[in-house]
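[1] Curious how this folds, go ahead:
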Amino acid sequence: MGYPAGIYIKAQNTLDRRRENAETEQKKRHDEAAAKIPELLEIEKKVSETGLAAVKAIGMGENAAEYLRDLSKQNLEAQKIRKKLLTAAGFTPDYLEYHPVCGTCSDKGFASGKPCACLEALARSIALAELSENSPASTSTFESFNLEYYPKTADPETGISPYRRMSEIFKFCKDYADDFSPHSPSLYMHGKTGLGKTHLSLATAVRIVSMGFGVIYGSAQNLIGKIEREHFGRNKNDTDTEQAVLNCDLLIVDDLGAEFSTSFTVSTIYNIINTRLSKGSPVIISTNLTPEELEHRYSERIASRIAGNYISLQFFGRDVRQLKRMR
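    Here you go, the predicted structure:
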């Protein structure tokens, strides 16, 4: 599916502004050169006249070919004279040309009927910026995830080495991001607070957005809050958060369980999970809730869908945020 339509609209608007700026700069250069080279306007008039005559010559039939060759010679000669005048006046030969940022599509966004690489690059940049707007995405990358905060000795209660388990989860998340498709499996990241769930879910999002997929990331509180305000008409805009959440390539719901629980909240969460599950669209949920707490807080039907269809990633260790503050 790729980025949401709104991302491409913003990217196209940026290209439109680039094109307008390039046209404005071209006119300024032309006015400057014309003021310094009076003959320039006469030369340009000849170029324009030969171009117009060439268009009219299309309907001349058999005589058109020779006439067009003559017009072409005149046009080329006029262009040579223009370049010589520019050079003699201290300008570059292409000083009057249109100079777009992208030479492939001339800042139009499409080349040969296909989206240009510049449009895709802009869309990717905008998507990453939006991801970072309300989250620490710029600092939450795979490269900045430090496994040294996790003890290598086995936990006495579980018998599991947090370092070993988190190394496995870290590798799994990297592979998941690198191999992502809109039908990848859903993930259930759970464990105590401060163990890196938000960091790895964001790192996964950044990698997947960079690959050209549409990702919506947000805390459960913010996402459900937006849907509720739009549902009850308290948010007067053209955004349809619920549809975006249901249709994006990947939805990441952070800190599930921290939102204020109401019947609307529970029904909305069920609708999101059930709809995306039916479509085979992946969701990454991060939460401090255990599977048992999940069922108690929401319902058996929500908990069973997560338990039965999501890959469980249980995080272990000590609160990394506290450890960082102690250093």
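
[2] and residue 128, which of the three is it?
    Assigned by DSSP: H, G, I helix; E, B strand; the rest coil, the conformation of residue 128 is helix.

[3] Tell me who's in contact with it.
    137, 206, 209, 210 (Cβ atoms under 8 Å, 6 or more residues apart in numbering). Heads up, the C-betas are built off the backbone N, CA and C, glycines and all.

[4] So the third one sits against residue 202, correct?
    Just to be clear, that refers to residue 209. No. In this structure, residue 209 is not within contact of residue 202 by Cβ atoms under 8 Å, at 10.3 Å.

[5] Which neighbours do those two have in common?
    Joint contacts of residue 209 and residue 202 (Cβ under 8 Å, 6+ apart) are residue 131.

[6] Using the record's assignment, carve the chain into domains.
    Listed by automatic domain parsing, the domain ranges of the chain are 20-102, 134-326.

[7] Lowest average pLDDT across the ones you listed?
    Confidence, taken as mean pLDDT, is least for domain 20-102 of the domains of the chain (a mean of 82).

[8] ok, back up a step: would you write out the PyMOL command that picks the buried residues out of the contacts of residue 128?
    In PyMOL, this line selects whichever of these come out buried by 16 or more other Cβ atoms under 10 Å:
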select buried, resi 137+206+209
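
[9] Out of the contacts of residue 128, which sit inside helices?
    The members of these that map onto helices under DSSP state H are 206, 209, 210.

[10] related to what we said a few turns ago, mind putting the domains of the chain in TSV, distance to residue 10 included?
    Putting those into TSV (distance: least, Cβ to Cβ, whole Å) gives the following:
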stretch	distance to residue 10
domain 20-102	16
domain 134-326	13
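
[11] Return the most buried member of these.
    Per residue and on average, the most neighbours among the domains of the chain fall to domain 134-326, with a mean of 17 (mean count of other Cβ atoms under 10 Å).

[12] ok, now which ones touch residue 208?
    Contacts of residue 208 (Cβ under 8 Å, 6+ apart): 177, 180, 215, 249, 250.

[13] dump the residue contacts of the third one.
    It refers to residue 215. Here residue 215 is in contact with 127, 131, 205, 208, 209, 248, 249, 250, 251, 252 (Cβ under 8 Å, 6+ apart).

[14] Between all of those residues, which two are separated the most?
    127 and 251 (14.2 Å; Cβ to Cβ).

[15] Count the neighbours of the residue lying closest to residue 101 once chain neighbours are set aside for me.
    Nearest non-adjacent residue to residue 101, counting by Cβ to Cβ, 6 or more residues apart in numbering: residue 18, 5.0 Å away. Residues near residue 18, counting by other Cβ atoms under 10 Å, number 19.
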